[in-house]
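>>> Pasting the sequence and the predicted model now:
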Amino acid sequence: MNAWTATPAPVVPPRTLPPQPLLPPVKVLHVITRFYAGAGGNTLLTALGMDPDRYEVWVAGVPGDDLWERAAAEGVHTVQIPGFRDFLTPGDVLVLWRLVRLIRRERFTIVHTHSAKGGFLGRLAARLCGTPVVVHTFHAISFHDHMSPWRRALYRSLERMTSHLAHAYLAVAPRLALEAVRQRLAPPGRVDVVPSAVELAGIPDGFDPEARRTLGVPKDIALIGTVGRIVHQKAPLDFVRMAALVHARYPDTAFVIVGDGQLADDVRRLAADLGVDVRITGWRPDAARLAAGLDVFVITSLYEGLGRALSEALAAARPVVATAVNGVPDLVEPGATGLLVAPSDPAGQARAVGWMLDHPDEAAAMGSQGCARVRTAFSQDAMCAAIDACYCRLLALPGRTR
């Protein structure tokens, strides 16, 4: 440790000092494709959790997403860029120009990018403006089988083209960092792991009877559920197939999806065809709390950077069954914090859920261990401290105690 690495306690209480000058903050711009759900929630918590005496935080991205209003209400500078979409379009040339104009006008010291498209446009704009520090976070790897081959190749090429434009890379899970290096999206040795935080204050640290009452299922019925958007990534039809198999063996079970999305009607039709009742709540602002009313929390995703809903379910000490994709195995350790299953395997998922129902004591113990892990390592303070340390290293600033 040197003289600059810690701030000594004040000798005189600040309120008794004469007026002191305000030091200029470090201006940070987050560029994100979609300001909602996992990556968006992570970015919002980062923006809100950084030391306001040191950082002035801005967020720019696709207009109309869920988190803009809250971010602005809590003091974050927000810029919804006209024409910015969550997929590539010819209009991205204009979006790039608008980003360049914003960065030049506000003279940001740090541009921190998120997601494939936001990362490509943000890093390119930062380079064109000569931004001193550029950081990119991998929340997930976006090249998946559901994409057409040409689109998958295009996104991968764009990520690789800009891989040399960031001074540091962050990933929300170790296996995600490994995948980024393997796919040559980031140089070896340049990726640090910073677990994605969840808002722990609103999540019970155990089963919540009130959440169960809100879901309308008696406590003597085993409730299996999930939380998330009902879209291709989450494989909601696999959840329905799993539910039908579980219900055939365990009749005293109920199933719920807390969320909404473009495949909601497909879920309802398949559930009716298979003769299983799967309730869809629609979007709920209290989704993280409702997860505390489940007996088993299930993720059937085809890909998942880490899974914000998964972290929230573990924070509520819920037994979890999750697909072994991307960074999920870094959080769900078989027999310790949950059970892993293969993606696109409803029969295997049903067997794992059945095991949890047959072994309630062991399931509860895994939920408790998962809760302890998330509440220790996945707090907002822990995440922001790690990001602050990254920024300080790149700017040669001394560390601070918030």
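It's in. Numbering: from 1, shown residues only.
>>> and the nearest residue to Arg212 once chain neighbours are set aside, backbone torsions?
Distances taken as Cβ to Cβ, 6 or more residues apart in numbering put Gly293 closest to Arg212, at 3.7 Å, once the chain neighbours are dropped. Using the backbone N, CA and C atoms, a C-beta is placed for each residue, glycine as well. For Gly293, the backbone dihedrals are phi -90, psi 0 (criterion: degrees, to the nearest 10).
>>> show me the contacts for Gly293.
207-215, 217, 223 (Cβ atoms under 8 Å, 6 or more residues apart in numbering).
>>> Same check on Glu362?
Glu362 neighbours (Cβ under 8 Å, 6+ apart): none.
>>> Can you check the pLDDT for it?
Here the pLDDT value assigned to Glu362 is 97.
>>> From Ser368, how far out is it?
11 Å (Cβ to Cβ, to the nearest Å).
>>> and Val31, what are its bridge partners?
Beta bridges link Val31 to Ala60, Thr113, judged by DSSP bridges.
>>> so what does the worst-scoring helix or strand of the chain on mean pLDDT touch, helix or strand wise?
Lowest by mean pLDDT, DSSP states H and E among the helices and strands of the chain is helix 149-161, with a mean of 80. Helix 149-161 sits against helix 116-129, with contacts defined as 3 or more Cβ pairs under 8 Å, 6 or more residues apart in numbering; DSSP states H and E.
>>> how about the helix it packs on as CSV, C-alpha atoms only?
C-alpha atoms of helix 116-129 as CSV (Å, rounded to 0.1, in the frame of the first residue of the first chain):
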residue,chain,number,x,y,z
ALA,A,116,-23.0,-6.3,-28.7
LYS,A,117,-24.5,-3.4,-30.7
GLY,A,118,-24.0,-0.8,-27.9
GLY,A,119,-20.5,-2.0,-27.5
PHE,A,120,-19.7,-1.7,-31.2
LEU,A,121,-21.2,1.7,-31.7
GLY,A,122,-20.0,3.0,-28.3
ARG,A,123,-16.4,1.9,-28.7
LEU,A,124,-16.2,3.2,-32.2
ALA,A,125,-17.6,6.6,-31.2
ALA,A,126,-15.3,6.8,-28.2
ARG,A,127,-12.3,6.1,-30.5
LEU,A,128,-13.4,8.7,-33.0
CYS,A,129,-13.6,11.2,-30.1
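>>> what's the following helix or strand after it?
Later in the chain than helix 116-129, the nearest helix or strand by DSSP states H and E is strand 133-138.
>>> now the least confident helix or strand of the chain, how far from the centre of its chain.
Chain-centre distance of helix 149-161: 22 Å, with Cα atoms, centre = their mean, to the nearest Å.
>>> and the angle from it to strand 133-138?
150 degrees (axes from the mean of the first three to the mean of the last three Cα atoms, to 10 degrees).
>>> list the buried ones in helix 149-161?
Buried positions in helix 149-161, judged by neighbour count with 16 or more other Cβ atoms under 10 Å: 155-156, 158-159.
>>> list the contacts for His136?
Counting by Cβ under 8 Å, 6+ apart, His136 has contacts 112-114, 119, 122-123, 166, 168-170, 186.
>>> 7 Å - rerun?
113, 119, 123, 166, 169 (Cβ atoms under 7 Å, 6 or more residues apart in numbering).
>>> Can you lay out those residues as CSV showing distance to Leu99, neighbour count and pLDDT?
Shown next, in CSV, are those (distance: Cβ to Cβ, whole Å; neighbours: other Cβ atoms under 10 Å; pLDDT from 0 to 100):
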residue, distance to Leu99, neighbour count, pLDDT
Thr113, 10, 28, 97
Gly119, 12, 29, 93
Arg123, 10, 25, 96
Ala166, 15, 24, 95
Tyr169, 20, 23, 96
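>>> Need those in a markdown table (columns: distance to Thr281).
Shown next, in a markdown table, are these (distance: Cβ to Cβ, whole Å):
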| residue | distance to Thr281 |
| --- | --- |
| Thr113 | 33 |
| Gly119 | 33 |
| Arg123 | 38 |
| Ala166 | 39 |
| Tyr169 | 37 |
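>>> Nearest to Gly41, out of the residues you listed: which one, please.
Thr113 (16.7 Å; Cβ to Cβ).
>>> Could you measure from that closest one over to Val240?
From Thr113 over to Val240 (counting by Cβ to Cβ), the distance is 36 Å.
>>> and what of Val26?
Using Cβ to Cβ, Val26 is found at 48 Å from Val240.
>>> now do Pro209
For Pro209 relative to Val240 (Cβ to Cβ), the value is 27 Å.
>>> So which of these two has more stuff around it?
Ranked by neighbour count (other Cβ atoms under 10 Å), Pro209 and Val240 place Val240 first, with 25 against 11.
>>> now the more buried one, what's its secondary structure?
Secondary structure, DSSP: H, G, I helix; E, B strand; the rest coil: Val240 is helix.
>>> Isn't it up against Arg269?
No. Applying Cβ atoms under 7 Å, one finds Val240 not in contact with Arg269, separated by 9.4 Å.
>>> Doesn't Arg375 lie inside a helix?
Yes. Counting by three-state DSSP, Arg375 is located in a helix.
>>> That one - how many residues pack around it?
Count around Arg375 with other Cβ under 10 Å applied: 18.
>>> same thing with Gln183?
Quick note: Gln183 (other Cβ under 10 Å) scores 14 neighbours.
>>> And for Gln233?
18.
>>> Show me the contact partners of stretch 166-179.
So stretch 166-179 is in contact with 123, 133-139, 141, 180, 186, 190-196, 305-306, 326-327, 329-330, 390, 394, going by Cβ under 7 Å, 6+ apart.
>>> which of those residues count as buried?
123, 133-139, 141, 180, 186, 190-196, 305-306, 326-327, 329-330, 390, 394.
>>> quick one: low-confidence parts of the stretch 201-350 of the chain?
For the stretch 201-350 of the chain, applying pLDDT under 70 flags no range at all.
>>> residue ranges for the helices of it, please.
For the stretch 201-350 of the chain, the helices defined by DSSP state H, counting those that start in this stretch occupy 209-215, 236-249, 264-274, 287-290, 308-315, 328-331, 346-358.
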